[in-house]
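A.B. asks: the sequence and its predicted three-dimensional model are supplied below.
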Amino acid sequence: MSGGATRREALRRGAAAAAVLAAGAPLVAGARAALAQAETDADIVESLIGLEEAAALAYRTAAASGIAGPRHTRTLWRFARHEQQHAEALLTVLEALGGRAPRPPRTVADVDRILPGLGDARTPEAVLEYALGLESAEVAAYHDAHARLAEPKLLPTTASIMAAQGQHLVVLRAALSQPLVQRAFETGER
Amino acid sequence: MVIGRRALLRAAGLSAGSALVLAGCGGTAAGGDDADTASDIELLGALIELEQTAVAGYTVAARRLGGSLGAVARRFRDHEREHVDRLSLASRRLGGTPPAPRARLEVRVPRGERAILRHAVGIEDAAIAAYLDALPRLRLPELRATAGSIFTTEAEHLAVLRDALGEDPAPVAFVDGTAP
């Protein structure tokens, strides 16, 4: 490959990365905005369940497409199971709080209303970048929730989930050759 | 649970006394702002000591590890320092006096790359267990958010260390510092 082509490729990759970074920000903003509307602990947990169920379906859809390649697809399936486990744990919490389970998303259009961009992810890099945005959005939502939940007993569950999302971020950053731990205080901000 | 936390704190080089301080903080939930503030200050002090021990551990690890792993240890040490600074600031704002940095904090860090990485996993597991324990005891919402963000960063450190050891960096759906 010539030097010119290498530079062009680097520029192209840089532009693509910048575009995706910009694209991830709305996911974070959307998740935070949805949580901001929640008033009670039950509302907050319901909002988090919606996020987790959308994330689980997004991962299942991305994994089933096979776009990301065999190795990353295995990771996507595993993360889908984690997200589903988070949703199930939170559903138990919501039930104890007397809340009603939200209707789970069933289609890509449902996911796009909560975590937009899944349908546009058509390359391995785009799938991984979308997943990075999704995880960032979840971390941001839990970060905000921790300052708002009135019942302290909920925090160990929500924090242990938030930390798992942080570990997902590390795996996805590694796959995208990004710095693995980007700040001393992980808030999901991109 | 307290015994488990003690073991974890010992793995990080902290004394059982520090573990008991952490375990005892905030447990009585006496009503009123003063009691809440005192409880938060006490909890912050225990977390600051934990972070100071982590700084010392990573400082030694950074000296002993070369290349990219040494750079990782330095970066994680810097993160732990930021945690100390932020938590100390929070303590002072509440009217507390955070634990002073100890000029000669003795930490036992083994030799050999894998042993050092394994020791660092112990440091992070201890931090994760301590923050998970502290979170529901903290009274101020902003402190909870800060502690949650530190907790998540420690989990990210743990993922990097596990990966360096050839282990699954994200093996479980719920991180509590006890993953195999």
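C.D. replies: That came through fine.
A.B. asks: quick one: the biggest helix by length in chain B near chain A?
C.D. replies: Looking across chain B with DSSP state H, the single longest helix is helix B:33-64. No - Helix B:33-64 stays clear of chain A (CB under 8 Å from any CB of the partner chain), getting no nearer than 10.4 Å. Bear in mind the C-beta positions are built from the backbone N, C-alpha and C, glycine included.
A.B. asks: what helices or strands is that helix leaning on?
C.D. replies: Helices and strands in packing contact with helix B:33-64 are listed as helix B:16-24, helix B:67-93, helix B:113-134, helix B:141-164; criterion 3 or more CB pairs under 8 Å, 6 or more residues apart in numbering or on different chains; DSSP states H and E.
A.B. asks: point out where chain B drops to low pLDDT.
C.D. replies: Judged against pLDDT under 70, the low-scoring parts of chain B cover residues B:1-32, B:103-105, B:180.
A.B. asks: follow-up on the earlier one: between the longest helix of chain B and helix B:67-93, how many degrees?
C.D. replies: Orientation check (axes from the mean of the first three to the mean of the last three CA atoms, to 10 degrees): helix B:33-64 against helix B:67-93 gives 160 degrees.
A.B. asks: quick one, helix B:33-64 and helix B:113-134 angle?
C.D. replies: Relative orientation of helix B:33-64 versus helix B:113-134 (the same axes, to 10 degrees): 170 degrees.
A.B. asks: point out the most buried one among the helices and strands packed on helix B:33-64.
C.D. replies: Each of the helices and strands packed on helix B:33-64 was assessed for mean neighbour count using mean count of other CB atoms under 10 Å in any protein chain shown. The highest is helix B:141-164, with a mean of 24.
A.B. asks: and it, how far from the chain's centre?
C.D. replies: Using CA atoms, centre = their mean, to the nearest Å, the distance from the centre of helix B:141-164 to the centre of the chain it belongs to is 9 Å.
A.B. asks: what is it packed up against?
C.D. replies: Judged by 3+ CB pairs under 8 Å, 6+ apart, helix B:141-164 is in contact with helix A:124-146, helix A:155-175, helix B:33-64, helix B:67-93, helix B:113-134.
A.B. asks: could you dump these into TSV and include distance to A:R100?
C.D. replies: As requested, the helices and strands packed on helix B:141-164 are arranged in TSV below (distance: least, CB to CB, whole Å):
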stretch	distance to A:R100
helix A:124-146	19
helix A:155-175	19
helix B:33-64	33
helix B:67-93	37
helix B:113-134	29
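A.B. asks: quick one, which of those helices gets closest to A:A33.
C.D. replies: Counting by CB to CB, A:A33 lies closest to helix A:124-146 out of these; the figure is 9.9 Å.
A.B. asks: any idea how far the longest helix of chain B is from the chain center?
C.D. replies: 6 Å.
A.B. asks: that helix to helix B:141-164, inter-axis angle?
C.D. replies: 20 degrees.
A.B. asks: low-confidence bits of chain A, can you list those?
C.D. replies: A:1-24.
A.B. asks: all helices of it, in order?
C.D. replies: In chain order, chain A shows helices spanning A:3-36, A:41-65, A:70-96, A:108-114, A:124-146, A:155-175, with DSSP H as the criterion.
A.B. asks: can you redo these as JSON lines with distance to B:R137 and mean neighbour count?
C.D. replies: JSON lines is the format used below for the helices of chain A (distance: least, CB to CB, whole Å; neighbours: other CB atoms under 10 Å in any protein chain shown):
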{"stretch": "helix A:3-36", "distance to B:R137": "23", "mean neighbour count": "14"}
{"stretch": "helix A:41-65", "distance to B:R137": "18", "mean neighbour count": "23"}
{"stretch": "helix A:70-96", "distance to B:R137": "19", "mean neighbour count": "18"}
{"stretch": "helix A:108-114", "distance to B:R137": "33", "mean neighbour count": "16"}
{"stretch": "helix A:124-146", "distance to B:R137": "13", "mean neighbour count": "25"}
{"stretch": "helix A:155-175", "distance to B:R137": "9", "mean neighbour count": "25"}
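A.B. asks: which one of the ones you listed lies nearest to B:D176?
C.D. replies: The closest approach between B:D176 and any of the helices of chain A, judged by CB to CB, belongs to helix A:155-175 at 5.2 Å.
A.B. asks: mind exporting the closest one as CSV, just the C-alpha atoms?
C.D. replies: The C-alpha trace of helix A:155-175 is given here as CSV (Å, rounded to 0.1, in the frame of the first residue of the first chain):
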residue,chain,number,x,y,z
LEU,A,155,-28.0,0.4,44.9
PRO,A,156,-26.0,-2.8,45.1
THR,A,157,-28.1,-4.3,42.3
THR,A,158,-28.0,-1.3,40.0
ALA,A,159,-24.3,-0.7,40.7
SER,A,160,-23.3,-4.3,40.0
ILE,A,161,-25.1,-4.0,36.7
MET,A,162,-23.5,-0.6,35.9
ALA,A,163,-20.1,-2.1,36.6
ALA,A,164,-20.8,-5.1,34.3
GLN,A,165,-21.7,-2.5,31.5
GLY,A,166,-18.3,-0.9,32.2
GLN,A,167,-16.6,-4.2,31.6
HIS,A,168,-18.6,-4.6,28.4
LEU,A,169,-17.2,-1.2,27.4
VAL,A,170,-13.7,-2.5,27.9
VAL,A,171,-14.3,-5.5,25.6
LEU,A,172,-15.8,-3.3,22.9
ARG,A,173,-13.1,-0.7,23.1
ALA,A,174,-10.5,-3.5,22.8
ALA,A,175,-12.3,-4.7,19.7
